[in-house]
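Here's my sequence, what's the structure:
(one chain, ligands or ions: 1)
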Amino acid sequence: MNPPHKESFIIQGLDGQKKLDGEISIEGAKNAILPLIAAAIAVEGISSFTNVPEIEDVSRMEEILAALGVKAVHRNNAMTIDPSGFTGTRLPRDIAKRMRASVFLTGPILAKKGRVDFPHPGGCVIGARPIDIFVDGFQRMGAAFTENDEFYSFAAKGRLRGASIFLKIPSVSATETFMIAASLADGRTTIKNSAMEPEIDVLARYLRSCGANIFGEGSPTIVIEGVESLQSPKEPFNNIPDRIEAGSFLILGALAAKNLTLKNVEPKHLEAVIFALQDSGVPISVGDDTISISDNETPNNEFKSFNIKTHEYPGFPTDLQAPSVIFLTQATGESVIFETIFEGRLNFTEDIVRMGADIKLWDAHRATVRGPTHLKGRELEGPDIRAGLAFVIAGLIAKGESTIRNVYYIDRGYEKIETRLSKLGASIQRVSE
Ligand code: EPU
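Numbers count the residues shown, from 1 in each chain. Here you go, the predicted model:
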């Protein structure tokens, strides 16, 4: 594995002026393509995907596939996956420990090979992120679970069995992992209290195009009738646009653009955020696959504050909580933030306070933001993908220069962000540390 590169962004802040202008195209969704890549190793034949973002997490997934004997070719936002050489059952420790999405691979490896060994799946430091739901579900499907100091293992004798699984939390990755595994299990699997994110729908569509029998995705109950094998689709499968990237750019546009159009976006995936921003006074208009902010002359201090309670889809996404907090530092009034999904996702606010924001962190899940405040540029360290982008937004609206270190975290989820934002008029430069 390549070590994470040591690079920083140097940002010249706009000091609250709305100077960005233009169009930006939204890339394919990170959290949709990662489970799709995992699912592609469960099928026979070569799968092709389009609208695949060029981001570090996809590169790490390719490295894991290579360690399993699966060939992935990724160029020009397209990807092919050839699982004909798939023999491995052990996820490489150093990569899997750094990426939570590695956990998706337990489903196809266990279903195809009858065994999987993996370290505790790492990723962003945003909370405990246990795997108990995976253990419960796979045990119900007939797999035995063991663990030692370094690795967890699931092993099954013969095919996994269809099972009735109730998720105690509607976990996105557990829903996706069980959907893949259950597609090849013997009999019917019912996943209750399943996640309803758009990334679940796209996975169901891909698996169905491979011959899986899946019903009810997008609702809290998904039923899967297992089949003996899956066959890759003949046509390339098109990934959906990244709703979190789109929402982040929308927030940046609200604070720093006179006019901004997001292209190649799926507005219905972003309703919680669009409604909140519109209510706050942001002049947003929505097209079929565009979202625009036009003639954004309203001073930021005339935007109204609002409260946020993060929630599973279609509620307010936890992945947009951090950028939204930056928005609320500029809006007038007090906002209460209730982060219900992860217990480490408000820690980034300490750095925003050092930039001049008035934020009180009451406990791991609750904060209040009082605005408007003037932010001043400073040195920041990217803590996770989404807080990293919140820092970019904060740097762009602040007075003076900001340096964001460790931009590997931003590169994990956003393709060439500095090039794309520079085209809108932002001053953001990548430098080696
Ligand atoms: N949880 C358990 N036990 C489990 C699994 C999850 O208690 O076995 C808990 C988690 O600790 C958390 C809650 O369930 O408190 C929900 O977590 P979930 O499993 O839904 O999250 P995830 O699947 O690990 C995905 C996204 C995250 C996004 C969350 C919530 C991917 C690769 N990751 O994570 O995205 O925040 O769903 O929507 O799809 C990001 O992109 O920056 C990111 C962190």
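
tally of neighbours for residue 301?
12 (other Cβ atoms under 10 Å). For every residue, glycine as well, the C-beta is placed using N, CA and C.

and the closest residue to residue 93 other than its chain neighbours, what is it in contact with?
Leaving aside its sequence neighbours, residue 93 sits nearest to residue 119 (Cβ to Cβ, 6 or more residues apart in numbering; 4.8 Å). Applying Cβ atoms under 8 Å, 6 or more residues apart in numbering to residue 119 gives the contacts 91, 93, 96, 97, 150, 151, 152.

what sits against the closest residue to the ligand within the stretch 251-400 of the chain?
The ligand sits closest to residue 385 of the stretch 251-400 of the chain, with a gap of 4.1 Å, by Cβ to the nearest ligand atom. Each residue near residue 385 by Cβ under 8 Å, 6+ apart is listed here: 124, 409, 410, 412, 413, 414.

Residue 221 now?
Taking Cβ under 8 Å, 6+ apart as the test, what residue 221 contacts is 190, 191, 192, 194.

Repeat that for residue 325.
337, 349, 352, 359, 367, 369, 390.

What is the burial count for the first one?
Spelled out, that is residue 337. 25.

which one is it nearest to, not counting chain neighbours?
Per Cβ to Cβ, 6+ apart, closest to residue 337 is residue 367, 4.6 Å.

what helix or strand does the one you found sit in?
strand 366-371 (DSSP states H and E).

Who are the packing partners of the next helix or strand after that strand?
Sequence order places strand 379-381 as the next helix or strand after strand 366-371, per DSSP H and E. Counting contacts by 3 or more Cβ pairs under 8 Å, 6 or more residues apart in numbering; DSSP states H and E, strand 379-381 is packed against helix 385-397, strand 401-405.

now the ones you listed in JSON lines, with mean pLDDT and distance to residue 308?
Putting the helices and strands packed on strand 379-381 into JSON lines (pLDDT from 0 to 100; distance: least, Cβ to Cβ, whole Å) gives the following:
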{"stretch": "helix 385-397", "mean pLDDT": "97", "distance to residue 308": "13"}
{"stretch": "strand 401-405", "mean pLDDT": "97", "distance to residue 308": "23"}
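
Which residue ranges of this protein form helices?
30-40, 56-68, 93-96, 106-113, 132-140, 172-183, 198-209, 243-256, 271-280, 321-330, 349-354, 385-397, 408-411, 417-422 (DSSP state H).

Just confirm yes or no for the fourth one near the ligand.
No: contact of helix 106-113 with the ligand is not found when judged by Cβ under 6 Å from any ligand atom; the minimum separation is 11.2 Å.

contact partners of that helix?
For helix 106-113, contacts defined as Cβ under 8 Å, 6+ apart pick out 38-39, 41-42, 68, 86, 88-89, 91, 115-116, 118, 134, 138, 143, 154, 156, 159-160, 176-181, 183-185.

Pull out the buried members of those residues.
38-39, 41-42, 68, 86, 88-89, 91, 116, 118, 134, 138, 143, 154, 156, 159-160, 176-181, 183-185 (16 or more other Cβ atoms under 10 Å).

Looking at the contacts of residue 119, which one is closest to residue 288?
Residue 288 lies nearest to residue 96 out of the contacts of residue 119, by Cβ to Cβ, at 39.1 Å.

Find the nearest non-adjacent residue to that closest one, please.
Residue 96 sits nearest to residue 102 (Cβ to Cβ, 6+ apart), 3.8 Å away.

neighbours around the one you found, how many?
Residue 102 - counted by other Cβ under 10 Å - has 26 other residues nearby.

wouldn't it be in contact with residue 93 here?
No: the pair formed by residue 102 and residue 93 falls short of the contact definition of Cβ atoms under 8 Å, at 10.1 Å.

Please spell out the segments of the protein that come in under the pLDDT threshold.
1-5, 123-128 (pLDDT under 70).

Residue numbers of it in contact with the ligand?
So the chain meets the ligand at 30-31, 34, 100-101, 124, 127-134, 169, 171-174, 318-319, 341-342, 385-386, 413 (Cβ under 6 Å from any ligand atom).

Give the buried subset of those residues as a PyMOL selection command.
Buried residues among the residues of the chain next to the ligand (16+ other Cβ under 10 Å), as a PyMOL selection:
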select buried, resi 30+31+34+100+101+124+129+131+133+134+171+172+173+174+318+319+341+342+385+386+413
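
Tally up the residues packed near residue 400, please.
Using other Cβ under 10 Å, residue 400 has 14 other residues around it.

which among the contacts of residue 119 end up buried?
Among these, those classed as buried by neighbour count (16+ other Cβ under 10 Å) are 91, 96, 97, 151, 152.

The fourth one: what's it in contact with?
In other words, residue 151. 90, 93, 117, 118, 119 are the contacts of residue 151 under Cβ under 8 Å, 6+ apart.

from memory the residue nearest to residue 337 sits against residue 361, does it?
Yes: between residue 367 and residue 361 a contact is recorded at 4.8 Å, counting by Cβ under 8 Å.

which neighbours do the two share?
346, 349.

So between those two, which is more surrounded?
Legend: neighbour count by other Cβ under 10 Å for residue 367 and residue 361, higher for residue 367 (21 against 15).

how near is that one to residue 307?
11 Å (Cβ to Cβ, to the nearest Å).

got it, and residue 374?
23 Å.

follow-up on the earlier one: any residues touching the strand holding residue 367, and which ones?
So strand 366-371 is contacted by 301, 305, 325, 328-339, 346, 349, 357-362 (Cβ under 8 Å, 6+ apart).

Quick check: strands, which of those are part of them?
333, 334, 335, 336, 337, 338, 358, 359, 360, 361, 362 (DSSP state E).

tell me the domain boundaries of this protein?
By the assignment in automatic domain parsing, the chain contains the domains 7-27+241-432, 30-229.

can you put these in TSV and add distance to residue 235?
TSV is the format used below for those (distance: least, Cβ to Cβ, whole Å):
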stretch	distance to residue 235
domain 7-27+241-432	19
domain 30-229	8
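
The buried ones among the contacts of residue 119: which two are farthest apart?
Among the buried ones among the contacts of residue 119, 97 and 152 lie farthest apart (Cβ to Cβ), at 11.8 Å.

where do the contact lists of the two overlap?
Counting by Cβ under 8 Å, 6+ apart, the residues touching both residue 97 and residue 152 are 119, 120.

follow-up on the earlier one: tell me the buried residues within the contacts of residue 325.
337, 349, 352, 359, 367, 369, 390.

Residue 149: neighbouring residues, count only.
Residue 149 has 4 nearby residues by other Cβ under 10 Å.
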